[in-house]
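Asks: Sequence plus predicted model, see below.
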Amino acid sequence: MSATTTLDTKGMNCPLPILKAKKALKDLGAGEVLEVIATDPGSVKDFDSFCRTTGNELVDTNDNDGVYTFMIKKS
């Protein structure tokens, strides 16, 4: 799945990655995909919870040596 937009939040700690993703999702249409790149280990739980709460779909999560990638499909 390819992303409509990529958001780089490397080096940022909670809650900044979530807040920036929330803002970026507002600019996307339904069905478009936001890719978020983060280095905060807590972001794994945060994005899972964020997607469940907001109704957006967490399509994919990847951990590549402490660099986390989240693919979020806007509902």
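Replies: Yep, that arrived.
Asks: who's the residue nearest the centre of the chain bridged to?
Replies: When the chain is reduced to its mean C-alpha position, the closest residue under CA atoms, centre = their mean turns out to be residue 36, at 4.1 Å. Beta-bridge pairing of residue 36, defined through DSSP bridges, involves residue 7, residue 70.
Asks: Please give me every residue in contact with it.
Replies: 6-7, 9, 17, 20-21, 24, 43, 47, 69-70, 72 (CB atoms under 8 Å, 6 or more residues apart in numbering). All C-beta atoms are positioned from the backbone trio N, CA, C, and that covers glycine.
Asks: how far does stretch 17-34 stretch from start to finish?
Replies: The stretch stretch 17-34 measures 12 Å between its terminal residues, going by CA to CA, to the nearest Å.
Asks: for it, what is the average pLDDT?
Replies: For stretch 17-34, mean pLDDT is 97.
Asks: now what about it, what contacts it?
Replies: Stretch 17-34 is contacted from outside by 1-7, 9, 12, 36, 38, 40, 43, 46-47, 50, 54, 56, 59, 70-75, using CB under 8 Å, 6+ apart.
Asks: Which ones among those residues map onto helices?
Replies: For the contacts of stretch 17-34, membership in helices holds for 43, 46-47, 50, 54, with DSSP state H as the criterion.
Asks: quick one: which of those residues is most hemmed in?
Replies: Taking other CB atoms under 10 Å to define a neighbour, the member of these with the most is residue 43, carrying 25 neighbours.
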